[in-house]
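Novice: Everything below, folded, please.
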Amino acid sequence: MGSSTSTRNFGMRRFTNLVREGRFRAPAATELRLGTLVQIDAADVDRIEQADADVGDGAGIGGGGDVRTTLCGILWYEHDSQTFNAPPWGGAAGQLPQDLDTAPADRMVQVLHGPGTKVWLRNTDLNATEPGLKYPSTRAAVTMVNSIGTVVVGDLLGWDPTGYWDVTTDAAEAVLRVTAKDTNGPDSLDAEMLI
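Specialist: So this is what the prediction gives:
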């Protein structure tokens, strides 16, 4: 999966049965975070959009769609030297590949799915500095999992259309099952894909 299979907030643990759909474009004007649940954009079937709660077909929590039959999956994008060095001549200064945690607007992206594939998700605080860096980080806080402290192993996670994973009891909304959790900071968890 390219030179890096992780960002600061999302990564792969196990690639069992991983399917990488790769013929879709990111939204034209929005950069989505890698690790977001996406679905096919009904208005433009060549594009993906963040999973929503549109009644009847939305793959997000409350949408009434069924993630087992809706074409959806987790967003991934393999950054290349052009995106890593943007702007030219020094864009990479002060960055690690893990800093590139969004898919550029209008680029070809991958939609990941496959039962048994394992991912990890991590929440990070405002300006969390990565160990070993010689400069301050200016990253915003990122919530990948809502109320991660209350999540327990075995919980089912679906996508909340406001922008994070959340516990659900509805199997039709469940994309992930939590398999491990670490609250020794920063809070993170492992989860196995169900779709």
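Novice: Give me the nearest residue to the residue minimising distance to the centre of the chain, chain neighbours excluded.
Specialist: When CA atoms, centre = their mean is applied to the chain, the residue found nearest the centroid is residue 35 (0.7 Å). Distance criterion CB to CB, 6 or more residues apart in numbering; nearest residue to residue 35, sequence neighbours excluded, is residue 10 at 2.9 Å. (Glycine included, C-beta is placed from N, CA and C.)
Novice: you'd agree residue 98 is in a strand?
Specialist: No - going by DSSP: H, G, I helix; E, B strand; the rest coil, the assignment for residue 98 is helix, not a strand.
Novice: Neighbours of the residue nearest to residue 191 when sequence neighbours are not counted, how many?
Specialist: Residue nearest to residue 191 in three dimensions, not counting chain neighbours: residue 176, with 3.8 Å by CB to CB, 6+ apart. Each residue near residue 176 was counted by other CB atoms under 10 Å, and the total is 27.
Novice: Residue 176 against residue 157, yeah?
Specialist: Yes - applying CB atoms under 8 Å, one finds residue 176 in contact with residue 157, separated by 4.2 Å.
Novice: Next, show the common contact partners of those two.
Specialist: Shared contacts of residue 176 and residue 157 (CB atoms under 8 Å, 6 or more residues apart in numbering): 165, 191.
Novice: ok so, going back, quick check: the residue nearest to residue 191 vs residue 120, distance?
Specialist: Going from residue 176 to residue 120 by CB to CB, to the nearest Å gives 11 Å.
Novice: what about residue 116, which helix or strand?
Specialist: Using DSSP states H and E, residue 116 maps to neither a helix nor a strand.
Novice: that older thread, would you check that the residue nearest to the centre of the chain makes contact with residue 119?
Specialist: Yes - between residue 35 and residue 119 there is a contact under CB under 8 Å: 7.3 Å.
Novice: Mind listing the shared neighbours of the two?
Specialist: Shared contacts of residue 35 and residue 119, defined by CB under 8 Å, 6+ apart, are found at 10, 74.
Novice: re the thing from before, who is the residue nearest to residue 191 paired with across the strands?
Specialist: residue 157, residue 193 (DSSP bridges).
Novice: tell me the contacts of it?
Specialist: Remark: with contacts taken as CB under 8 Å, 6+ apart, residue 176 is in contact with 119, 156-157, 165, 191-194.
Novice: at 7 Å instead, please
Specialist: Contacts here follow CB atoms under 7 Å, 6 or more residues apart in numbering; on that basis residue 176 touches 157, 165, 191-194.
Novice: Now neighbour count, distance to residue 115 and pLDDT too, for the residues you listed, in a markdown table please.
Specialist: Compiled in a markdown table, the contacts of residue 176 are given as follows (neighbours: other CB atoms under 10 Å; distance: CB to CB, whole Å; pLDDT from 0 to 100):
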| residue | neighbour count | distance to residue 115 | pLDDT |
| --- | --- | --- | --- |
| 157 | 26 | 14 | 98 |
| 165 | 27 | 17 | 98 |
| 191 | 25 | 12 | 97 |
| 192 | 17 | 8 | 97 |
| 193 | 22 | 6 | 97 |
| 194 | 18 | 6 | 97 |
